[in-house]
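# Pasted the sequence and its predicted model underneath.
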Amino acid sequence: MNVTELMSELVLQIGIILFAVRLGGRLVKKAGIPQVLGELMAGVLIGPYALGGIVLPGFPHGIFPLGASGSLAVSTELYAFATVASIILLFASGLETDLGLFLRYSVAGGVIGMGGALVSFAAGAFCGVVLLHASFMDPRCLFLGILSTATSVGITARILSDQKKMDSPEGVTILAAAVFDDVLGIIMLAVVLGIVALVSGHAGGGLSAQAILLIAGKAFGIWLGFTALGLVFSKQLASFLKIFKHSFDFSVLALGIALILAGFFEKQGLAMIIGAYIAGLALSKTDIAAVIQERIRGLYEFFVPLFFAVMGMMVNVQEIFSAPVLIFGAVYTAASILSKVIGCGGPALLLGFNGKGALRIGAGMVPRGEVALIIAGIGLASGVLSNQLFSVIILMTLVTTLAAPPLLNAALRIPGPGTRKPVKDEDSAQAVWEFENDEIADLVVDILLKDLRAEGFYVQMMNIDEGLSQARKDDIALSITEEESAVTIETLKTDMPFVKNAVYEVILGLADTIQKLKASADPAAMRKDLLDKDARTSRDLLSLIEPETLSLELKGETKEEIITELVDILAKRGKLLDRDLALADVFEREKAMSTGMEHGIALPHGKTDGIGDIAVAVGIKKKGINFNSMDGQPSRLFILVVSPKKVSGPHVQFLAAIGAVLKNETLREMVINTATAEEAVNLLRKKSTTPP
């Protein structure tokens, strides 16, 4: 297969994947299931082991044939896209983590996160030891251990928000522990990959404990060194990026730094995602972090769902339902759930929580997600994990993600506090602010979060798509949700006065800024400038009306005949590239809604590839015809506007300009009854220069 064929197959595959993941995500979201599972299952459905492998005309091996590489079920080119997606995902995760500020207050979260990560790692690796009949240091066992550690905080955050428990002691502890869990997972991945490389290199011989410690220390040292450098020089890094001025430029270059670090870490025998995470972590404490998150959002939405689909495509549907996979998957999944409940719940009992609170925290740490799938993909691509083990991991991810909501909801419904000692007033309160539009709500939330950060709050974006975030400082916790033009903040009753005052200060500051802006401007001068500009624009646009494209006596007796006659006027004057295409596009627009206006005017128009530049044709039918006008009266004056599809401004501006001109009843009658085309054009152009 030559390069052109490879690329045509790739772009076709990507297009199909984009539609599949969007449909899959929307379907499961309606059922209350996390969107990531819909994207994953969409990949399974269209993958080479399912519909993608069906032979079709022109596709002898299916649209998604099995990859030529023995370890990959998809093509190398498609897997490359998934790799870039994993880098973007971990870079975004790093940006959302403010490690320095987080360490100031979240001792409980750190201890619980470490407990959950260590116990989960041990449980996952031990499953491998028992079921694979292998040693603890076997690369497969180490990968099963690391895959058991990662928690998907977005799923838990949504549940806590729905149950109004984001600001509860258990809620803030779960969210804090999940962040520590992610950081520890990255550290452990670096160490495990170093050990795996060493073990694989000595497959035929013994391996001393000293050698293992040495390579583990090297991997940890590389991670720690680059993380420390990134955090120490984060401001200098941000200053360097700001040299490129425009936010789009420095945001793209920030992603470029993540890609460079990702490649460097891979060359050192570590995973690319570790380098990407460190790049995001380094920039997370800078003032451009939020801007970068916003600017790369489009890339995130394009690439990341594609990654989940590719992971689903590598699942062998027959193997996942085979007895060995189901048995292994059931044991591994049970161990993954219990290890989080015990590993996180146990330390919680030692940190002031009772049995109810410990159960809630453990259940909240159960769901796995994005990071687990990325690590699984690394293991499969490197040959450490077989297709059967990969299927086991997918099964574990699906079950833990689906089981987490009912488990956590059940734990939260158990009556009574989750702490041994009362902590303030545990009754929560909610305040809602309705603003004029979405833009104002966005502005208020952005300024509020910025002010909270300045006050020493740790602010965490829990779910960007659904406008969900949390802020915490000491024992004050706020849950902030933005839904269209409404902003809802939930906190304890005792902290609500602080919240209302903070929002009031934001609104007051915005009002003051607007007043200063008004004071610094001269409304009269601005209005004059706008009117002058509008007059110039109208003159320029109405100059498109020419005597050569104006007919005083249209012959048509129906809407279709009139439109065809006007299009033919443009065609005869050489204004069209493709007469038939232009006519078809104008008719298509007319089908959507009639362009018959009031007072005998009709403005048929359309955008088409059949024209190179905007053109106008004018026609008069004195007795009028039925054009399905808004007032039911016959239309007598017809103005056709045709413009290229890729041009948006002049088309709409011309319609607005001519509509404003024809509001004058006297002018309309003069144009309709004029004797020559030149007089009609002069009337229209003269009116456009008359001041209002």
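Structure's in. What do you need?

# For the rest of this, base every contact and every neighbour count on C-alpha atoms.
Will do.

# Make sure Met313 is actually in contact with Val74.
Yes. Shown here, Met313 and Val74 form a contact pair, counting by CA atoms under 8 Å, at 7.2 Å.

# which of the two has more neighbours?
Neighbours were tallied for Met313 and for Val74 using other CA atoms under 10 Å; the higher tally belongs to Met313 (27 against 21).

# and the residue nearest to the more buried one when sequence neighbours are not counted, what is it in contact with?
Counting by CA to CA, 6 or more residues apart in numbering, Gly47 is the residue found nearest to Met313 once chain neighbours are left out, at 4.1 Å. Taking CA atoms under 8 Å, 6 or more residues apart in numbering as the contact definition, Gly47 lies against Gly53, Phe64, Val310, Gly312, Met313, Met314, Val315.

# For Leu351, grab the count of nearby residues.
Leu351: 17 surrounding residues under other CA under 10 Å.

# Can you tell me, leaving aside adjacent residues, what's nearest to it?
Nearest to Leu351 is Ala108, by CA to CA, 6+ apart, at 6.7 Å.

# And that neighbour, how close does it get to Thr286?
Going from Ala108 to Thr286 by CA to CA, to the nearest Å gives 26 Å.

# where does the stretch 251-400 of the chain have low pLDDT?
Within the stretch 251-400 of the chain, the stretches with pLDDT under 70 are 369.

# State the pLDDT value of Phe654.
Looking at Phe654, its pLDDT is 77.

# so where do the helices sit in the stretch 451-600 of the chain?
Using DSSP state H, counting those that start in this stretch, the helices of the stretch 451-600 of the chain run over residues 496-519, 523-542, 559-572, 579-592.

# Just give me how far the longest one sits from the chain centre.
Relative to its chain's centre, helix 496-519 lies at 30 Å (CA atoms, centre = their mean, to the nearest Å).

# Please apply the same query to the last one.
Mean C-alpha position of helix 579-592 versus that of the full chain (CA atoms, centre = their mean) differs by 36 Å.

# Which of the helices of the stretch 451-600 of the chain has the lowest mean pLDDT?
helix 523-542 - the lowest mean pLDDT of the helices of the stretch 451-600 of the chain, at a mean of 54.

# Stretch 397-412: how far from the chain's middle?
Averaging C-alpha positions (CA atoms, centre = their mean) puts stretch 397-412 24 Å from its chain's average.

# again but with stretch 30-43, I slipped
On CA atoms, centre = their mean, the centre of stretch 30-43 falls 15 Å from the chain's centre.

# any idea of the mean pLDDT for it?
Mean predicted lDDT for stretch 30-43 stands at 81.

# Let's see it as CSV, backbone CA atoms only.
What follows is stretch 30-43, C-alpha atoms only, in CSV (Å, rounded to 0.1, in the frame of the first residue of the first chain):
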residue,chain,number,x,y,z
LYS,A,30,-28.4,10.1,28.7
ALA,A,31,-28.4,6.9,30.7
GLY,A,32,-26.3,8.5,33.4
ILE,A,33,-23.1,6.6,32.5
PRO,A,34,-19.8,8.4,32.2
GLN,A,35,-19.1,9.5,28.7
VAL,A,36,-15.7,7.9,28.5
LEU,A,37,-17.3,4.5,28.6
GLY,A,38,-19.5,5.3,25.6
GLU,A,39,-16.4,6.4,23.7
LEU,A,40,-14.6,3.2,24.7
MET,A,41,-17.5,1.0,23.7
ALA,A,42,-17.9,2.8,20.4
GLY,A,43,-14.3,1.8,19.7
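
# can you pull the buried residues of it?
Ile33, Pro34, Gln35, Val36, Leu37, Gly38, Glu39, Leu40, Met41, Ala42, Gly43 (16 or more other CA atoms under 10 Å).

# cool, stretch 2-11 as well?
Burial within stretch 2-11, assessed by neighbour count using 16+ other CA under 10 Å, is assigned to Glu9, Leu10.

# Could the C-alpha coordinates of it be exported in PDB?
The C-alpha trace of stretch 2-11 is given here as PDB (Å, rounded to 0.1, in the frame of the first residue of the first chain):
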ATOM      1  CA  ASN A   2       1.500   3.400  -1.000                       C
ATOM      2  CA  VAL A   3       1.600   6.500   1.100                       C
ATOM      3  CA  THR A   4      -1.500   8.100  -0.600                       C
ATOM      4  CA  GLU A   5      -3.600   4.900   0.100                       C
ATOM      5  CA  LEU A   6      -2.400   4.800   3.700                       C
ATOM      6  CA  MET A   7      -3.300   8.400   4.300                       C
ATOM      7  CA  SER A   8      -6.700   8.100   2.600                       C
ATOM      8  CA  GLU A   9      -7.500   5.100   4.800                       C
ATOM      9  CA  LEU A  10      -6.300   7.000   7.900                       C
ATOM     10  CA  VAL A  11      -8.400  10.100   7.300                       C
END
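
# Off-centre distance for whichever strand or helix holds Ala122?
Using DSSP states H and E, Ala122 sits in helix 107-132. The gap between where helix 107-132 is centred and where its chain is centred comes out at 31 Å by CA atoms, centre = their mean.

# Got phi/psi on Lys245?
The phi and psi values for Lys245, taken as degrees, to the nearest 10, are phi 60, psi -70.

# Could you check how many residues crowd around it?
For Lys245, using other CA under 10 Å, the count is 10.

# same check, this time on Thr397
Neighbours of Thr397 under the rule other CA under 10 Å: 26.

# Name the residue closest to the centre of this structure, please.
Geometric centre of the chain, nearest residue: Glu301, 3.7 Å, by CA atoms, centre = their mean.

# and it, what is it in contact with?
Counting by CA under 8 Å, 6+ apart, Glu301 has no contacts.

# does it count as helix, strand or coil?
Here Glu301 is helix, with the state taken from DSSP: H, G, I helix; E, B strand; the rest coil.

# rewinding a little: now go through the buried residues of stretch 30-43 and say which are in helices.
Among the buried residues of stretch 30-43, the members falling in helices are Gln35, Val36, Leu37, Gly38, Glu39, Leu40, Met41, Ala42, Gly43 (criterion: DSSP state H).

# which residues touch the closest residue to Ala677 other than its chain neighbours?
Excluding the flanking residues, the one nearest Ala677 by CA to CA, 6+ apart is Pro547, at 5.1 Å. By CA under 8 Å, 6+ apart, the contact set of Pro547 is Ala677, Glu678, Val681.

# Arrange those residues in CSV, one row each, with distance to Arg140, neighbour count and pLDDT as further columns.
CSV is the format used below for these (distance: CA to CA, whole Å; neighbours: other CA atoms under 10 Å; pLDDT from 0 to 100):
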residue, distance to Arg140, neighbour count, pLDDT
Ala677, 84, 19, 90
Glu678, 85, 13, 90
Val681, 81, 20, 87
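
# Return the subset of the residues you listed lying in helices.
Judged by DSSP H, the subset of those located in helices is Ala677, Glu678, Val681.

# could you measure the last one against Thr401, distance?
Distance, Val681 to Thr401, by CA to CA: 69 Å.
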